[in-house]
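Colleague: Take this sequence and fold it.
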Amino acid sequence: MKAVIFDWAGTMVDYGCFAPLAVFLQVFEKRGIELTAAEAREPMGMLKRDHIAALCRMERVAELWKEKFGRYPNEADVDDLYADFEPMLMATLHDYATPVPGALALVARLRERGIKIGSTTGYTREMMNVVAAAAKEQGYEPDCLVTPSEVPAGRPYPWMCYQNAIQLDVYPFGEMVKVGDTTSDMQEGRNAGMWTVGVLKGGSELGLSQQEVANMPADELEERLASAAARLQAAGAHYVIEEIGRLDDVLAKIELRLKAGERP
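Modeller: Residues are numbered from 1 along each chain as shown. Okay, the predicted model is just below:
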């Protein structure tokens, strides 16, 4: 194994991926459109303008928009929503860069093995300048960071993974692993030809805070974990782990498969 390419929010920082959630809800609420948290999370991991466009294409949201404005949302509406979204998100991002439990120790273990640490995101470069600086202060700094701003398109396209490979000087992709918490992360990794691993606790698909995870009845938590895992697997995950600190076990399994001649 030569490199692991991590997502940021919901995978390595911002447990539960809450930074963008409230802002998505607020910008639509400002226009009289009430999104559910599940709707707001569904396209999570995409470039944020693409995320807003995906929300506008949802049947229920589009119908609510038509009831309110007499027509379906168009590209100008997406631009208008994003114009509100970006400054609102930028104002709070520095508060959502705390590494998730187990992330720093995992990175240290990987580096001891000579494995390089890359990263991709749904945030723009301007957004990541804030997040990366705050995360570095708290001990997390990958070897490489690529945002959708530096490539032709964000997830689910593989271009950010390709750019990571170039900057890290790593090849082939079958000896790299993509780790994330959203369906678009899984699609990105598979489209890049990489082993792809989904993370549940701390991730957007589960969508729970640390306190909610700790306090939820065990049977309800297991049900929600299973549901989130199924969505990640349907999107292409080779493996799904409960917590980021358990990645080592998956890497060991992948290395055995590589030695046996398997490729993703």
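Colleague: now the residue lying farthest from the centre of the chain: how far from Val78?
Modeller: Centroid-distance maximum for the chain: Gly70 at 34.2 Å, with CA atoms, centre = their mean. Distance check for Gly70 against Val78: by CB to CB, to the nearest Å, it reads 17 Å. In this view, the C-beta of every residue, glycine as well, is placed from N, C-alpha and C.
Colleague: same question, Gly154
Modeller: 15 Å.
Colleague: Check Tyr239 too.
Modeller: With CB to CB as the criterion, Tyr239 and Val78 are 35 Å apart.
Colleague: Same check on Ala226?
Modeller: Applying CB to CB, the value for Ala226 to Val78 is 34 Å.
Colleague: okay, the two: which has more neighbours?
Modeller: Val78 (19 against 11; other CB atoms under 10 Å).
Colleague: which non-adjacent residue is nearest the more buried one?
Modeller: Closest residue to Val78 apart from its sequence neighbours, by CB to CB, 6 or more residues apart in numbering: Ala53 at 4.9 Å.
Colleague: Would you mark the buried spots in the helix or strand the one you found falls within?
Modeller: Assessed by DSSP states H and E, Ala53 sits inside helix 48-57. Neighbour counts using 16 or more other CB atoms under 10 Å place 48-56 of helix 48-57 among the buried residues.
Colleague: do the same with stretch 77-87
Modeller: Neighbour-count burial for stretch 77-87 flags 77-78, 81-82, 84-86 (criterion: 16+ other CB under 10 Å).
Colleague: Could you check the pLDDT of the residue nearest the centre of the chain?
Modeller: Centroid check for the chain by CA atoms, centre = their mean gives Gly45 as the closest residue, at 4.2 Å. Confidence at Gly45, expressed as pLDDT, is 81.
Colleague: any idea how far it is from Glu220?
Modeller: Gly45 is 25 Å from Glu220, by CB to CB.
Colleague: And for Ala229?
Modeller: Between Ala229 and Glu220 the distance is 15 Å, computed by CB to CB.
Colleague: How about Lys68: what's its closest non-neighbour residue?
Modeller: Spatially, and ignoring its direct neighbours in sequence, Lys68 is nearest to Gly32 (5.2 Å; CB to CB, 6+ apart).
Colleague: who touches Lys68 in this structure?
Modeller: Contacts of Lys68 were listed using CB atoms under 8 Å, 6 or more residues apart in numbering, and they are 31-33.
Colleague: Same check on Gly236?
Modeller: With CB under 8 Å, 6+ apart, Gly236 has these contacts: 186-187, 189-190, 196.
Colleague: Kindly state the beta-bridge partners for Gly180.
Modeller: Gly198 (DSSP bridges).
Colleague: pLDDT at Gln187, what is it?
Modeller: Per the predicted model, pLDDT is 97 at Gln187.
Colleague: should've said Arg41
Modeller: At Arg41, the pLDDT value in this model is 89.
Colleague: returning to that earlier point: among the contacts of Lys68, which lie within helices?
Modeller: Among those, no member falls in helices (criterion: DSSP state H).
Colleague: I'd like these as TSV, with pLDDT appended.
Modeller: Compiled in TSV, the contacts of Lys68 are given as follows (pLDDT from 0 to 100):
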residue	pLDDT
Arg31	94
Gly32	95
Ile33	94
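Colleague: For those residues, which entry has the maximal number of neighbours?
Modeller: When neighbours are taken as other CB under 10 Å, the top entry among the contacts of Lys68 is Ile33 (21 neighbours).
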